[in-house]
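Here is my input, please return the structure:
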Amino acid sequence: MKYFIAAGLSMFASAILADPLPSWSETDTKQAIINFVERVTDPTSPDYVTAEDRVAVFDNDGTLWSEQPVYFQLAYALYSLEKKAASDPSILTSDTLRAAASGDVETVIESGSEGLLEVIAVSHSGMTVNNFQDDVVNWLENARHSTTGKRYTDMVYQPMQELLRYLRDEDFQTYIVSGGGVDFMRAFSKEAYNIPNQQVIGSTGPAEYSDGEIIKLAGDVFINDKEGKPLGISSRIGKRPIFASGNSDGDFAMLEYTTAGPGPSFGMLLHHTDGEREFAYDREGHIGVLNKGLDESGERGWVIIDMASDWKQVWP
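Below is the predicted model of the structure:
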């Protein structure tokens, strides 16, 4: 009996080692990823890329974890604002802030990007970065998603976890390049994705240094989205990636920048087609709109992940 158990475990381990992406269906999408990685890591290939230049960038919201019905950072901001307003109602200086503190998400969304930024600025400001991140970690431990009932960190995508691991095993450097707040993402990026803080690029607001601490302030924010993503990559990484993955038109410029280089490159967009296991959306809505990417992916040679058919499972 022990022999058969050991043999079975050995076969299982061999199968895992043989397939770097076990949660991906056997489709052209999976094969395209593997073919690209093999080409750029084979020293005998004309497309070989040295390890120091194997840079891969990933959007976060809607690419590495879910983003519906609202960005998870907004859910945290609403929680944080309500908590702050309970002790100091004077911070609620606008209709949007008052709606946010009362949990009126629809009104906040209708206020547009300006209203969303106001909620995030007021809810996040006044804390040191360390205290802010501790608060985010505590919230992630205790909060539950309104639809699935899962912890937000349990709504990371298993196939993307495998892809990140596969790329790192092949000596890629994996970065998050997202419109989310950089301090917010750094609170969980290491635990959720095994991506260290210094490899997280996100939106940043004003801050000041005081008595050994960095304190977050309210004010104008650099939005690391759309054309801001290539700028963030250039300033923080200092070289053009060869692999980029996103899910919306907010990632279009990042994929364009990545695949405009002179050497081999790979662009990929996650199309949310699975309303049963996750959410189905693309061309319309307030989050994750994907129009231009769908229309131009073919002529640009980008791969479209069809969540419903390309993934065997969604959650870990």
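
what comes into contact with the helix or strand in which residue 98 is found?
Remark: residue 98 resides in helix 95-101, with elements defined by DSSP states H and E. Residues outside helix 95-101 that contact it (CB atoms under 8 Å, 6 or more residues apart in numbering): 77-78, 81-82, 85, 91-92, 107-108, 111, 115, 118-119, 122-123. C-betas here are computed from N, CA, C, even on glycine.

Restricted to helices, list the residues you listed.
77-78, 81-82, 85, 107-108, 115, 118-119, 122-123 (DSSP state H).

Of the residues you listed, which one scores lowest on pLDDT?
Ranked by pLDDT, the ones in helices among the contacts of helix 95-101 bottom out at residue 115 (85).

Could you find the closest non-adjacent residue to that one?
Leaving aside its chain neighbours, residue 115 sits nearest to residue 96 (4.1 Å; criterion: CB to CB, 6 or more residues apart in numbering).

Could you report the neighbour count for that neighbour?
Residue 96: 22 surrounding residues under other CB atoms under 10 Å.

Residue 281 versus that one, what's the distance?
For residue 96, the distance to residue 281 equals 24 Å [CB to CB, to the nearest Å].

now do residue 296
According to CB to CB, residue 296 stands 19 Å off from residue 281.

What of residue 184?
Residue 184 sits 23 Å away from residue 281, going by CB to CB.

Can you give me the pLDDT of residue 14?
Model confidence at residue 14, given as pLDDT, is 50.

How about the contacts made by the residue nearest the centre of the chain?
Centre of the chain computed as the mean C-alpha position; nearest residue by CA atoms, centre = their mean is residue 60, 0.6 Å away. The contact partners of residue 60, by CB under 8 Å, 6+ apart, come to 176, 178, 180, 185, 202.

got it, and residue 80?
Taking CB under 8 Å, 6+ apart, we find residue 80 in contact with 123-124, 135, 139.

same thing but at 6 Å, please
Residue 80 makes contact with residue 123, according to CB atoms under 6 Å, 6 or more residues apart in numbering.

just the strands in the stretch 151-300 of the chain please.
173-181, 200-203, 207-210, 213-216, 243-246, 266-273, 280-281 (DSSP state E, counting those that start in this stretch).

mind giving me JSON lines with these and columns for mean pLDDT and mean neighbour count?
Formatted as JSON lines, the strands of the stretch 151-300 of the chain follow (pLDDT from 0 to 100; neighbours: other CB atoms under 10 Å):
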{"stretch": "strand 173-181", "mean pLDDT": "97", "mean neighbour count": "24"}
{"stretch": "strand 200-203", "mean pLDDT": "97", "mean neighbour count": "23"}
{"stretch": "strand 207-210", "mean pLDDT": "96", "mean neighbour count": "10"}
{"stretch": "strand 213-216", "mean pLDDT": "96", "mean neighbour count": "16"}
{"stretch": "strand 243-246", "mean pLDDT": "98", "mean neighbour count": "29"}
{"stretch": "strand 266-273", "mean pLDDT": "98", "mean neighbour count": "23"}
{"stretch": "strand 280-281", "mean pLDDT": "98", "mean neighbour count": "18"}
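
In TSV, list the ones you listed along with distance to residue 131.
Formatted as TSV, the strands of the stretch 151-300 of the chain follow (distance: least, CB to CB, whole Å):
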stretch	distance to residue 131
strand 173-181	15
strand 200-203	18
strand 207-210	13
strand 213-216	9
strand 243-246	31
strand 266-273	34
strand 280-281	35
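
Compare those and give me the one nearest residue 72.
Closest approach to residue 72 among those (CB to CB): strand 173-181, 8.3 Å.

now what about that closest one, what contacts it?
By CB under 6 Å, 6+ apart, the surrounding residues in contact with strand 173-181 are 55-61, 73, 164, 167-168, 195, 199-203, 224-225, 229, 233.

Buried only: go through those residues for me.
55-61, 73, 164, 167, 195, 199-203, 224-225, 229, 233 (16 or more other CB atoms under 10 Å).

tell me the contacts of the spatially closest residue to residue 167 that is not a sequence neighbour?
Excluding its sequence neighbours, the residue lying closest to residue 167 (CB to CB, 6+ apart) is residue 56, at 5.2 Å. By CB under 6 Å, 6+ apart, the residues touching residue 56 are 167, 172, 174, 243.

repeat that for 10 Å
Taking CB atoms under 10 Å, 6 or more residues apart in numbering, we find residue 56 in contact with 37, 163-164, 167-168, 170, 172-175, 177, 241-245, 258, 266.

Over to residue 296?
Going by CB under 10 Å, 6+ apart, residue 296 touches 249, 252, 255-256, 302.
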